[in-house]
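Visitor: Pasting a predicted model and its sequence here:
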Amino acid sequence: MRRMLSTTALGLVALMAASCATNPVTGEKQFVMMSEAQEIATGQQMHPEALKEFGKYEDPELQGYVDRLGQTLARSSHRPDLPWTFTVVDSAAINAFALPGGYIYITRGIMTYLNSEAELVGVLGHEIGHVTARHAVEQYSRAMGSQLGLTALMIFVPQTRPFGDAAGSALSLMFLKHGRDDELQSDRLGAEYAAQNGWDPAGVMGMLRALARLDETEGSSRGVPGWLSTHPEPANRVNDVQPLVAELRQKYGDLPVRRAEYLNRIEGIMVGENPREGVIRGNAFLHPDMRFALDFPEGWQIQNGKAQVVAKEPNRNNFVLLQLIDNPERLSIEEVARRSMANAGFRQAGGERSRVNGLNAYLGLWQGQMQQLGDVAARTAHIEHGGRVFLVVGLTPANEYRSNEAVLARSVESFRPISAAEAERIKPNRLRFYTVRRGDTWQSIAQRYDAGGMSAARLAIFNGFAPSEQPREGDRVKVVVPE
Ligand SMILES: [Zn+2]
């Protein structure tokens, strides 16, 4: 990871020749770090990385639909000639983002929260706005320095990235936090692009309102950076964009939101984790394809990243990490353990060959130093399973090792194979519809369809309602059901 990040950073520094350009949206002269050609080249360079990191959501029909809408908006934008690309990425996070040069990404997660084509167009138009107004370019330049510290925990450099979502990766560069002015400008551009092409510009507000409600009910403490952490203040933004929406409605007349069309398009879309990348159930991590499970300590926060799965004790610097270790030379487990830990800069303090739940393993104790943590102790298990080597590391400040040893060892040695039948039972959840009957409430519907683990409030927001509103008899509402 570290190697990749610094290569990217160097590439960009080389690209950045400061220049003055005319802003395509405002027409004003603007100091930017990249020319348009450089901007496109940067996007082209990062796009394959982005696809590798997030994974494209496998649904050609849905991809085609989003691309068609995006291209329609982009053609009428201030920069119609960029190589615009729209991709639905396989992430449960609620987010959308843009890379310089016209590369737009929208998560399947946010798509499940939208309730009309006008809202989808609002999201796409907003991201197009970041590109046409060149926010990304400015931000991108500024963000380079501050993001480099993110690899602090990536002590082992994996060649393969088998797990989950993209937090904490080189692609964190995509999770730029936009300023309020940029957000407002993009909201306005999104509303304009929508109205010009025949969608109700209020879709931008509908999308913002849903995000504001999520913010209120649950805060923004999700594992993967979401829209709320990269696009601040959705509640205020609803008010800010309102006058323009009213103006556009005057100018273009009554425009459709196309709710039914949108809902038909997203029927069956995956909701929540994709089991192919492992799932978190309580404090356990299960990987049905690689057929294993691991228990993290109770109450720790678990993050399923592409390169590793990390659990952290709240408010403490204690971690359990899970990674795959490459072993192309087919070395013994003992040798793999020694080399991988030495490569990560650790000294051995103890170790032995052992078995962990029937699997061939090497258990070790190591000392090292880590950025931001200082002296650390690492309790490890290198485990052979299914032709692969897995590494589980319990990491703690050296002077706290004694008090944490038991908890770390229990987690590290909980790695175990799961049966084909157990793996088979781990299925994704999908979006389906339910027609509201007399007497139904969000509470009763949430109880009937509790597959997504959604609260009544969240189910209301999921359907574009405020938690205080109730569905009406005959409404077609979204629910989450197991496959
Ligand atoms: Zn934005």
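Guide: Looks like it arrived, so ask away.
Visitor: could you pull out the strands for the stretch 151-300 of the chain?
Guide: Here the stretch 151-300 of the chain has its strands, by DSSP state E, counting those that start in this stretch, at 270-271, 279-281, 284-287, 292-295.
Visitor: now these as TSV including mean neighbour count and mean pLDDT?
Guide: Quick note: C-beta positions are derived from backbone N, CA and C, even for glycine. As requested, those are exported to TSV (neighbours: other C-beta atoms under 10 Å; pLDDT from 0 to 100):
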stretch	mean neighbour count	mean pLDDT
strand 270-271	22	94
strand 279-281	16	85
strand 284-287	20	94
strand 292-295	22	97
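Visitor: Compare the ones you listed and give me the one nearest the ion.
Guide: strand 270-271 (23.6 Å; C-beta to the ion).
Visitor: Can you list the helices and strands that that closest one packs against?
Guide: Packing partners of strand 270-271 (3 or more C-beta pairs under 8 Å, 6 or more residues apart in numbering; DSSP states H and E): strand 429-435.
Visitor: Which elements pack onto the strand it packs on?
Guide: Using 3+ C-beta pairs under 8 Å, 6+ apart: strand 429-435 touches strand 270-271, strand 476-482.
Visitor: Which residues does the last one contact?
Guide: Strand 476-482 is contacted from outside by 112, 115, 263, 271-272, 427-436, 445, 448-449, 451-452, 454, 459, 462-463, 471, using C-beta atoms under 8 Å, 6 or more residues apart in numbering.
Visitor: Could you rerun that using 6 Å?
Guide: Contact with strand 476-482 is made by 271, 427, 429, 431-436, 449, 451-452, 462-463, 471, as judged by C-beta atoms under 6 Å, 6 or more residues apart in numbering.
Visitor: quick check: angle from it to strand 429-435?
Guide: Orientation check (axes from the mean of the first three to the mean of the last three C-alpha atoms, to 10 degrees): strand 476-482 against strand 429-435 gives 140 degrees.
Visitor: strands paired with strand 476-482, and their directions?
Guide: Strand 476-482 sits in its sheet next to strand 429-435 (antiparallel), going by DSSP bridges.
Visitor: Check which residues of the strand it pairs with are buried.
Guide: Residues of strand 429-435 classed as buried by neighbour count (16 or more other C-beta atoms under 10 Å): 429-431, 434.
Visitor: Now the two most distant members of those residues.
Guide: Pairwise distances across these peak at 14.2 Å for Asn429 and Tyr434 (criterion: C-beta to C-beta).
Visitor: Looking at the stretch 351-483 of the chain, which residue is nearest the ion?
Guide: Ile461 (19.7 Å).
Visitor: I'd guessed that residue sits against Ala212; true?
Guide: No: if you go by C-beta atoms under 6 Å, Ile461 and Ala212 don't touch, sitting 9.5 Å apart.
Visitor: Help me confirm that Val257 comes into contact with Asn115.
Guide: No: shown here, Val257 and Asn115 do not form a contact pair, counting by C-beta under 6 Å, at 8.4 Å.
Visitor: And these two? Which one has more around it.
Guide: Taking other C-beta atoms under 10 Å, Val257 and Asn115 do not tie; Asn115 has more neighbours (23 against 19).
Visitor: mind listing what that one touches?
Guide: Taking C-beta under 6 Å, 6+ apart, one finds Gly464 in contact with Asn115.
Visitor: Could you measure from it over to Arg108?
Guide: Asn115 sits at a distance of 15 Å from Arg108 (criterion: C-beta to C-beta, to the nearest Å).
Visitor: Sweet, I'm off.
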